[in-house]
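*Asks:* Please find the sequence and the predicted model below.
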Amino acid sequence: MPVPLTLNQAKEVIARANRMIANEGVLDAFGHVTMRHPTDPNRYLMSRSRGPELVQPEDIQEFTLDSQIIKPIEARLYGERVIHGEIYKARPEVNAVCHHHAPSILPFCISGMELKPVYHLGATLGPAVPFWDSRDDFGDTTLIVAKPEEGASLAKALGPNWIVLMRRHGATVAGTSLEELTFRTIYTARNAAMQIEAHNLGHVSPLTAAETELAGEYNLRPGPVARAWEYWSVRLDKAEGTWSGAKPKVGASKRKAAAKKPAAKKSAPKKKKSKRTR
């Protein structure tokens, strides 16, 4: 099992996940990524209100599952934090949540067309993608999920699934870990884009239920998830100008320096002085 994160480490990694998912084009100025508190399951971590691409560790705040901040701050908070709090309440196994409005997902939210896994990495959608319409419970609203009862209604619609589409709004994705959530968020958005492209060609052949289960389990193993996380992490470092390349192996830098150092010149043998008598 992975070693539990400290609070400071958790703040670092959740800030990074916000920026990584934004760097991959799923999040823009809006949307947010959260994770359950590493040592207190009755709290979660979320940034103050700002664009995900800009989130830093010092922006991360602690909230109760009722989405109340632990230590009040002057900065503005996200209005839709109840999305996260209510899902954490309803799903003890969920440890990370992302709400986004990816351009590839929105056509499904607008049309009501069913989102299906159409390639192996898209199997992380799971067996079903429910559709939540705020009108059903609340009539005409701003479409912003800001009230606890709205967040609870959305969590109920999500049920045991991993992604829920929100009518004319976006999607909310859940994961058992932050890394799994990142994997699922990015690849389900790409799956949606591919499904649209396939429709443009005139035919869609989705995965079967058995294929979805098998491929989903395979791709969410620790190895593939860690490989993708590392890849997106390096892409983020390059985008932020902090990538310095692969680290040299131990001792490699010394050997390289020694190879570049010119060989010392051999000194000419000293001539023996002849003994002279005075």
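*Replies:* All right, it came through fine. Numbers count the residues shown, from 1 in each chain.
*Asks:* Now do the same contact list for residue 29.
*Replies:* By CB atoms under 8 Å, 6 or more residues apart in numbering, the contact list for residue 29 reads residue 51. Any C-beta I mention is one placed from the backbone N, CA and C, and that applies to glycine too.
*Asks:* SS state for it?
*Replies:* When classified by DSSP: H, G, I helix; E, B strand; the rest coil, residue 29 comes out as coil.
*Asks:* separation between it and residue 52?
*Replies:* 8 Å (CB to CB, to the nearest Å).
*Asks:* Then residue 83?
*Replies:* Applying CB to CB, the value for residue 83 to residue 52 is 14 Å.
*Asks:* Which of these two has more residues huddled nearby?
*Replies:* Between residue 83 and residue 52, residue 83 has the larger neighbour count (other CB atoms under 10 Å), namely 27 against 24.
*Asks:* State the helix or strand in which the more buried one lies.
*Replies:* Following DSSP states H and E, one finds residue 83 within helix 82-90.
*Asks:* Restricting to C-alpha, output that helix in CSV.
*Replies:* Listed in CSV are the C-alpha atoms of helix 82-90, where the atom choice follows Å, rounded to 0.1, in the frame of the first residue of the first chain:
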residue,chain,number,x,y,z
VAL,A,82,-20.9,21.1,-2.6
ILE,A,83,-20.5,18.9,-5.6
HIS,A,84,-17.4,17.5,-4.0
GLY,A,85,-18.5,17.4,-0.4
GLU,A,86,-21.8,15.6,-1.2
ILE,A,87,-20.0,12.9,-3.3
TYR,A,88,-17.5,12.3,-0.5
LYS,A,89,-20.4,11.9,1.9
ALA,A,90,-22.2,9.4,-0.3
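*Asks:* Next, name the residue at the spatial heart of this protein.
*Replies:* residue 182 (2.9 Å; CA atoms, centre = their mean).
*Asks:* and the residue nearest to residue 158 when sequence neighbours are not counted, how many neighbours?
*Replies:* Spatial nearest neighbour of residue 158, chain neighbours left out: residue 164 (4.2 Å); criterion: CB to CB, 6 or more residues apart in numbering. Neighbours of residue 164 under the rule other CB under 10 Å: 24.
*Asks:* From the rest of the structure, what touches whichever strand or helix holds residue 164?
*Replies:* Element membership for residue 164, per DSSP H and E: strand 163-166. Strand 163-166 is contacted by residues 105, 108-109, 115, 125-126, 129-132, 134, 145, 154, 157-158, 171-174, 184, 188 when judged by CB under 8 Å, 6+ apart.
*Asks:* Which of those are buried? Put it as a PyMOL command.
*Replies:* Applying 16 or more other CB atoms under 10 Å to those, the buried members can be selected in PyMOL as follows:
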select buried, resi 105+108+109+115+125+126+129+131+132+134+145+154+157+158+171+172+173+174+184+188
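*Asks:* In strands, which of the contacts of strand 163-166 appear?
*Replies:* 131, 132, 171, 172, 173, 174 (DSSP state E).
*Asks:* give the contact list for the fourth one.
*Replies:* With contacts taken as CB under 8 Å, 6+ apart, residue 172 has the following neighbours: 83, 87, 97, 98, 99, 154, 158, 163, 164, 166.
*Asks:* and the nearest residue to it once chain neighbours are set aside, how many neighbours does it have?
*Replies:* For residue 172, ignoring the flanking residues on the chain, the nearest one in space by CB to CB, 6+ apart is residue 99 at 4.8 Å. Close neighbours of residue 99, defined as other CB under 10 Å, add up to 26.
*Asks:* Much appreciated, bye for now.
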